[in-house]
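Colleague: coordinates only, sequence not included:
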């Protein structure tokens, strides 16, 4: 099974065997474009080139050909928005990334007197710069001639799954313009109850429905790969947004099962079953997955904007580490955070606070604090933010978390994982296959073609690699968390 994992900082192609183990992999980073403060863009054409290169190299690394691959799945950074011309196949502008905050004023305008929850009962989402719908509207308003082309039906919108699926199935030569329910649920344009585009919301946002892809299940036949792609003739049969894919790859298939992905940001998803649960505590209601004609499964999600990207910032902007891996060694050189707390609200705060006016702060600095303390504070920020989200999740769902399944690039950091268990007071468990995002997309694709028989096989493939048990004094746990919350309040009203 093949999976394309199109992430925020890189594109990865992975080949898995029937046991869910990795047999081939290639990863290629793409440029992060920052035209001005708060704006983040990607070159969608570069990402498509990297996808082709990564796919070919992953096959070569496993000494396989397309004929050896049963099917392919796609998983992707969600909310990142690209619009392209149907006739030329070229993007009309750089993709606007999920972290981008340029739609702040537009979101406030759309909220009006109804407030940020104007569409929450239909979409499960607050009006926020995070989601794709306002980004589409911004492009139509700010790129010359784009609205006329959109009204004339000449443009396609997609999140990155749609862009890749269209290109991989032929592009201008008959490519399919599709998305799945999980990605569609992140646009703010899909009705969670009908699993279809909401005509009224599209009209109020000023988005022509002719631009929108067809919404399909996460697992099913989308088309055959052809054209310039690396896997000619292979069926494309799975699409899942990255966090939903990780939930699927972690075998969180029953209500009450949760996972936390530590990537560019942190994303905690709790499977809530076949009925959407709406949040009173700042969480998102989203589609977890849909297999074929089965009822959709829903999830509560807590999205944290900046975790792994804070470590990149220490590396790239401050230069206090040379590689991301060095942060653990640096942080381990001190006993604690030295009283320093790092609130990485670079583009506001996501769940559960949703403060777009917040900006990053470091508080508690004294002459005693050194770069080891800053490294430790940066790691601890991921764990503190995760606890905030879990507390909100437990309040909304009434479900108690007994263990936390974790995945993503940062879970190799043992210091962070131990601190996470300590600050939560629950065990943290890492699986053998850490690349659960790509694995989830492979599972969705494989179920559609019968490579895996059903969910029981996916559960059977999941295996524990390591477990961290809490070992912190309860008084210390609450002191640290209390000081973190004070630090967060210092980040408000700074935008």
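Modeller: The structure has been received and is ready for your questions. As the structure is a computational prediction, the values presented were derived from the model and not from experiment. Numbering: from 1, shown residues only.
Colleague: what residues does stretch 406-419 touch?
Modeller: 246, 249-250, 259-263, 266, 307-308, 311, 324-325, 327-328, 331-332, 376, 379-380, 382-383, 420, 428-431, 434-437, 466, 468, 471 (CB atoms under 8 Å, 6 or more residues apart in numbering). (C-beta placed from N, C-alpha, C; glycine too.)
Colleague: Check these for burial and list the buried ones.
Modeller: 246, 249-250, 259-263, 266, 307-308, 311, 324, 327-328, 331, 376, 379-380, 382-383, 420, 428-431, 434-437, 468 (16 or more other CB atoms under 10 Å).
Colleague: Inside helices: which ones of those residues?
Modeller: Among these, DSSP state H puts 246, 249, 308, 311, 327-328, 331, 376, 379-380, 382-383, 420, 436-437 in helices.
Colleague: from the residues you listed, which two are the most distant?
Modeller: The distance between the two most remote of these (CB to CB) is 29.9 Å, for 249 and 376.
Colleague: who does residue 26 bridge with?
Modeller: In this entry, residue 26 is beta-bridged to residue 13, by DSSP bridges.
Colleague: Thought residue 11 was touching it, still the case?
Modeller: No: with contact defined as CB atoms under 8 Å, residue 26 does not reach residue 11; the gap is 9.0 Å.
Colleague: Now for the two: what residues contact both?
Modeller: residue 54.
Colleague: More neighbours: these two, which one.
Modeller: Higher neighbour count among residue 26 and residue 11: residue 11, with 27 against 21, using other CB atoms under 10 Å.
Colleague: In space, what's closest to the more buried one - neighbours in sequence excluded?
Modeller: Spatially, and ignoring its direct neighbours in sequence, residue 11 is nearest to residue 50 (4.5 Å; CB to CB, 6 or more residues apart in numbering).
Colleague: In three-state terms, label the one you found for me.
Modeller: Per DSSP: H, G, I helix; E, B strand; the rest coil, the local secondary structure of residue 50 is helix.
Colleague: Against residue 121, how distant is it?
Modeller: Noted for residue 50: a distance of 39 Å to residue 121, by CB to CB, to the nearest Å.
Colleague: These two: who's more crowded?
Modeller: Remark: of residue 50 and residue 121, residue 50 carries more neighbours, 21 against 13, as counted by other CB under 10 Å.
Colleague: what sits against that one?
Modeller: Counted by CB under 8 Å, 6+ apart, residue 50 has contacts 10, 11, 28, 30.
Colleague: Buried residues of stretch 157-172, list them for me.
Modeller: Buried, per 16+ other CB under 10 Å, within stretch 157-172: 157-171.
Colleague: So which of those residues sit within strands?
Modeller: Residues of the buried residues of stretch 157-172 located in strands (DSSP state E): 157, 158.
Colleague: Now do residue 124: how many residues are near it, please.
Modeller: Using other CB under 10 Å: residue 124 sits among 27 other residues.
Colleague: nearest spatial neighbour of it, skipping sequence neighbours?
Modeller: In space, residue 124 is closest to residue 285, 2.9 Å off (CB to CB, 6+ apart).
Colleague: Going by contacts, tell me the helices and strands next to the helix or strand where that neighbour lies.
Modeller: Secondary structure from DSSP states H and E places residue 285 in strand 284-289. Contacts defined by 3 or more CB pairs under 8 Å, 6 or more residues apart in numbering; DSSP states H and E place strand 284-289 against helix 181-184, helix 242-249, strand 266-273, strand 297-304.
Colleague: can you list contacts of the third one?
Modeller: For strand 266-273, the external contacting residues (CB under 8 Å, 6+ apart) are 242-244, 246-247, 252-261, 286, 288, 297-304, 307, 382, 385-386, 389-390, 393, 397, 399, 408.
Colleague: show me what contacts the closest residue to residue 251 other than its chain neighbours?
Modeller: Leaving aside its sequence neighbours, residue 251 sits nearest to residue 462 (CB to CB, 6+ apart; 4.2 Å). Residue 462 is in contact with 20, 250, 251, 431, counting by CB under 8 Å, 6+ apart.
Colleague: quick one: residue 462 from residue 87, how far?
Modeller: In terms of CB to CB, residue 462 sits 45 Å off from residue 87.
Colleague: What of residue 250?
Modeller: 41 Å.
Colleague: ditto for residue 205
Modeller: Relative to residue 87, and taking CB to CB, residue 205 is found at 25 Å.
Colleague: what about these two, which has more around it?
Modeller: More crowded of residue 205 and residue 87, by other CB under 10 Å: residue 205, with 19 against 9.
Colleague: pretty sure that one is touching residue 133, no?
Modeller: Yes: with contact defined as CB under 8 Å, residue 205 and residue 133 form a contacting pair (5.3 Å).
Colleague: tell me, what's touching the two both at once?
Modeller: Shared contacts of residue 205 and residue 133 (CB under 8 Å, 6+ apart): 188, 189.
Colleague: Just the mean pLDDT for stretch 397-407, thanks.
Modeller: For stretch 397-407, mean pLDDT is 85.
Colleague: Ignore what I typed, I meant stretch 279-290.
Modeller: pLDDT averaged over stretch 279-290 gives 91.
Colleague: chain center to that stretch: distance?
Modeller: Centroid separation for stretch 279-290 versus its chain: 13 Å, with CA atoms, centre = their mean, to the nearest Å.
Colleague: Quick check: buried residues in that stretch?
Modeller: Across stretch 279-290, burial judged by 16+ other CB under 10 Å covers 279, 281, 282, 283, 284, 285, 286, 287, 288, 289, 290.
Colleague: Nearest to residue 56, out of those residues: which one, please.
Modeller: residue 289 (28.7 Å).
Colleague: Name all residues that make contact with the closest one.
Modeller: Residue 289 neighbours (CB under 8 Å, 6+ apart): 181, 182, 218, 219, 240, 244, 247, 248, 296, 297, 444.
Colleague: What is the nearest of the ones in helices among the buried ones among the contacts of stretch 406-419 to residue 4?
Modeller: Of these, the one sitting nearest to residue 4 (CB to CB) turns out to be residue 437, at 10.7 Å.
Colleague: Surely that closest one touches residue 244?
Modeller: No: checked against CB under 8 Å, the pair residue 437 and residue 244 is beyond contact range at 9.3 Å.
Colleague: that older thread, is the residue nearest to residue 124 in contact with residue 276, as I believe?
Modeller: Yes: taking CB under 8 Å as the definition, residue 285 is a contact partner of residue 276 at 4.9 Å.
Colleague: intersection of neighbour lists for the two?
Modeller: With CB under 8 Å, 6+ apart as the test, residue 285 and residue 276 both reach 124, 192, 298.
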